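*Asks:* I would like to see how this sequence folds:
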Amino acid sequence: MVKALAAVAWERGAHLSVEELELDDPRDDEVLVKIAACGVCHTDVKARDGYGSVVFPIVLGHEGAGTVLEVGRAVRDLAPGDRVLLVSDYCGRCARCRAGRTAYCEEGPLRTFGAVRPDGSTRARIGGEAVRASFFGQSAFSTYALASERNALKVSDEIPLHLFAATTCGMVTGAGAVLQVLPVGPGRSLAVLGTGTVGLAAVMAARAVGASIIVAVDQRRTRLEHARALGATHVIDTGTHPDLAQSLREISNGGCDAILDTTGSGELQLAAVQGLAVLGQLGIAGGGGEPGVPLGTLMVGGRSVRGIIQGDSSGTLGLQRLLGLHRAGMFPFERLVRHYPFEEVNQAIEDSLSGDTVKPVLLFSGD
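*Replies:* Predicted coordinates for the structure are as follows:
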């Protein structure tokens, strides 16, 4: 049993409470990680507010980075002292996992928002009360976390954990959508709706693969300035350009080859379909909207709409590709990061929601 300080969500919508809990010793297939840093993602906020299958109390955080302290008897590829980045867990056994499509694992809902082990057990307790501490297979808003070797990527000592904790979910989602799903490349046009972490990662990836037109869409001027600095060739402020579809068609000379929506806004998704080129594709990486997509428009132009989870990443492979782009100087994500002491987790969340901070990363004392 390990004692940890963790940010606990006790009820829907409430501020997280930093307090001590008891974390299990690692089972045979688990590793115990001392967390050095953890990114803050809007998915954490959605879970705090009761999205999906979330059950309280729960420890959130799914962009952990740290050092392995202990490994279970069945673990072969990790050892104490290894530095790791944590990604979303998956079963590794279902048909989709065996095909390399781990983002769509059949056990995904249980292993992510369910925040329990596959057998339904929890990993932590406070005063004898069970606390769900397997959010995305890690629950890294904690000084210590349990994970599996499936969702832990070993990295070199040269990788600064306090920065790369920012990369393991939202960055992979946005970059993966461009690199692995949407028809983006030299001579192609891409529009990105929403310029938070996911959207700006998509902008950087599009620049890296040589897209000729990269349009960033938002209503916050500072975010649009970020997008220009990171490679957007055009920006659209929806506050001053309300006809988004027309603006997209004008910029792209008839319609965009690809559009990525990160907002979940049904209104914007509808405009995006109308701003697509013939045979263009809309990727949806932000849930919550009801697009009311005009099926006739899709059919006549051969257009399509595609849902995207975790950038279609296969385990840690998408993250490895992103790290490669960064080493080549083509993915300068560190420009978006702002650090907060772990104890200021609620402030980090509020700054993310207000737009004051693009990518908050929590730092743990002693690291």
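
*Asks:* hmm, residue 91 is touching residue 107, no?
*Replies:* Yes. Using C-beta atoms under 8 Å, residue 91 is in contact with residue 107, at 4.5 Å. For every residue, glycine as well, the C-beta is placed using N, CA and C.

*Asks:* any residues in contact with both of those two?
*Replies:* residue 118 (C-beta atoms under 8 Å, 6 or more residues apart in numbering).

*Asks:* roughly how far apart are the most far-flung residue of the chain relative to its centre and residue 269?
*Replies:* Computed with C-alpha atoms, centre = their mean, the maximum C-alpha offset from the centroid of the chain is found at residue 300, amounting to 33.6 Å. Distance, residue 300 to residue 269, using C-beta to C-beta, to the nearest Å: 18 Å.

*Asks:* sec struct for the closest residue to residue 101 other than its chain neighbours, please.
*Replies:* In this structure, residue 101 finds its nearest non-sequential neighbour in residue 314, 6.8 Å apart by C-beta to C-beta, 6 or more residues apart in numbering. Under DSSP: H, G, I helix; E, B strand; the rest coil, the three-state class of residue 314 is coil.

*Asks:* what's the spacing between residue 314 and residue 345?
*Replies:* Distance from residue 314 to residue 345, by C-beta to C-beta: 30 Å.

*Asks:* and residue 323, by the same measure?
*Replies:* Distance, residue 323 to residue 345, by C-beta to C-beta: 26 Å.

*Asks:* same drill for those two, tell me which one is more crowded.
*Replies:* Higher neighbour count among residue 323 and residue 345: residue 345, with 24 against 19, using other C-beta atoms under 10 Å.

*Asks:* need the helices for this structure, in chain order.
*Replies:* 42-48, 95-98, 108-111, 161-164, 170-176, 197-208, 221-230, 244-251, 266-274, 295-301, 317-327, 345-354 (DSSP state H).

*Asks:* mean pLDDT for these: which is lowest?
*Replies:* Note on the helices of the chain: lowest mean pLDDT is at helix 295-301, with a mean of 80.

*Asks:* identify all contacting residues around that helix.
*Replies:* 273, 274, 276, 277, 278, 279, 280, 303, 304, 305.

*Asks:* how about the last one, what does it touch?
*Replies:* Going by C-beta under 8 Å, 6+ apart, residue 305 touches 273, 281, 282, 283, 284, 291, 293, 298.

*Asks:* nearest to residue 103, of the residues you listed?
*Replies:* residue 283 (13.1 Å; C-beta to C-beta).

*Asks:* hang on, isn't the closest one packed against residue 258?
*Replies:* Yes. Using C-beta under 8 Å, residue 283 is in contact with residue 258, at 6.9 Å.

*Asks:* joint contacts of the two?
*Replies:* In contact with both residue 283 and residue 258: residue 182, using C-beta under 8 Å, 6+ apart.

*Asks:* now the helices of the chain in a markdown table, with distance to residue 238?
*Replies:* Formatted as a markdown table, these follow (distance: least, C-beta to C-beta, whole Å):
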| stretch | distance to residue 238 |
| --- | --- |
| helix 42-48 | 19 |
| helix 95-98 | 36 |
| helix 108-111 | 32 |
| helix 161-164 | 31 |
| helix 170-176 | 19 |
| helix 197-208 | 13 |
| helix 221-230 | 10 |
| helix 244-251 | 6 |
| helix 266-274 | 8 |
| helix 295-301 | 20 |
| helix 317-327 | 28 |
| helix 345-354 | 18 |
